[in-house]
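Undergrad: sequence and predicted structure, then a few things I'm wondering about:
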Amino acid sequence: ACLPHSKSLSDEENLKLFGKCNHPNGHGHNYKGRKLISILAAGVIDPVSGMVMNLTDLKEYMQEAIMEPLDHKNLDKDVPYFSEVVSTTENLAVFIWDNLQKLLPQGILYKVEVHETEQNVVVYKGEETIVK
């Protein structure tokens, strides 16, 4: 379940903004049997390898940028980034984008999708955020 809470808002303001999703103890999700995150890399196909990027390398970057800081963590309590940033799905997509940008070759990362539920998906493409 979605459980955002902003420290800069009162309890009443949090409830008004986030509704039933508000929870003062932090943001958590249980993801079972479905994808949480999709990463799309784009670029020129290397004529020698036939790839835009080696998928083994991409998996290693995703492990470092996503799984290590986030897996089995309470976003608000265990991830320093979210001590000052509200842990919405939109901000989670920005966090993942920023972490991957530090590791991937320049210009390769095209978009990050975070699937909060079967119906709610956030797509982040740098400064452009789309909520579906």
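TA: Alright, I've got the coordinates. Fair warning: this is a prediction, and the values are worked out from it, not measured in the lab.
Undergrad: these two touch, right, residue 99 and residue 68?
TA: No - judged on C-beta atoms under 8 Å, residue 99 makes no contact with residue 68 at a distance of 9.4 Å. Glycine gets a C-beta too; all of them are placed from N, C-alpha and C.
Undergrad: now the residue lying farthest from the centre of the chain. Its backbone dihedrals?
TA: What lies farthest from the middle of the chain is residue 48; by C-alpha atoms, centre = their mean that is 32.5 Å. Main-chain dihedrals, residue 48, degrees, to the nearest 10: phi -80, psi -50.
Undergrad: looking at residue 99 and residue 68, which is more packed in?
TA: Comparing residue 99 with residue 68 by other C-beta atoms under 10 Å, the one with more neighbours is residue 99, at 20 against 11.
Undergrad: mind pulling up the pLDDT for that one?
TA: We have a pLDDT of 96 for residue 99.
Undergrad: show me what contacts the residue nearest to it when sequence neighbours are not counted?
TA: Spatial nearest neighbour of residue 99, excluding adjacent residues (C-beta to C-beta, 6 or more residues apart in numbering): residue 65 at 3.6 Å. Residue 65 is in contact with 96, 99, 100, 102, 103, counting by C-beta atoms under 8 Å, 6 or more residues apart in numbering.
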